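*Asks:* The sequence and its predicted three-dimensional model are supplied below.
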Amino acid sequence: MRFSKRFPLAVHSLLFVAVLSPKRRVTSALVAESTESNPVTVRNIFLKLSQSGLLIAAAGKNGGVRLAREPKDITLWDIYQAMETNDVEEIFKLHETNSDCPVGKNFYQILYPHMASAVNAMKADMEQVTLETLIGELKGLLKNKKDASP
């Protein structure tokens, strides 16, 4: 399936905000440093997340971002929809077919239901994973790394 880097950048950004915003002001420059991206790219991600109701951004010297919802109420599917399309034909980037050919004429009619099923399975799986889930997984990794230190 086709994903741009916007989706993982958005997940990273929201995870960063969820973990750090209670303790410090989170800006696009700070997130850009963590994601090794350009701050303008991060601001564009913030804009899409804000427009989707996942993030609240305040501009200016004392600005920053914070989650618009609790981490338990933000799923990977919510983030995916904010960043990407869920249009089957866009995800799979369909090619042109020859309408005079018996295969070409019928190709999408037989393939489309299977592609739609794959997108629905992806959606169902992504709806089960919340930002809270990812925070827990991150904390587990950090704890394990700390425990492994000499």
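*Replies:* That came through, no problem.

*Asks:* number of nearby residues for the closest residue to residue 52 other than its chain neighbours?
*Replies:* Of all residues not flanking residue 52 in the chain, residue 82 sits nearest, at 3.6 Å (C-beta to C-beta, 6 or more residues apart in numbering). Heads up, the C-betas are built off the backbone N, CA and C, glycines and all. Neighbour count of residue 82, defined by other C-beta atoms under 10 Å: 21.

*Asks:* Next: the one 4 residues further on.
*Replies:* Residues near residue 86, counting by other C-beta under 10 Å, number 13.

*Asks:* ditto for residue 80
*Replies:* Residue 80: 20 surrounding residues under other C-beta under 10 Å.

*Asks:* Also residue 40?
*Replies:* Number of residues near residue 40 (other C-beta under 10 Å) recorded here: 10.

*Asks:* re the thing from before, for residue 142, see how far away the residue nearest to residue 52 is.
*Replies:* With the distance defined as C-beta to C-beta, to the nearest Å, residue 82 ends up 26 Å from residue 142.
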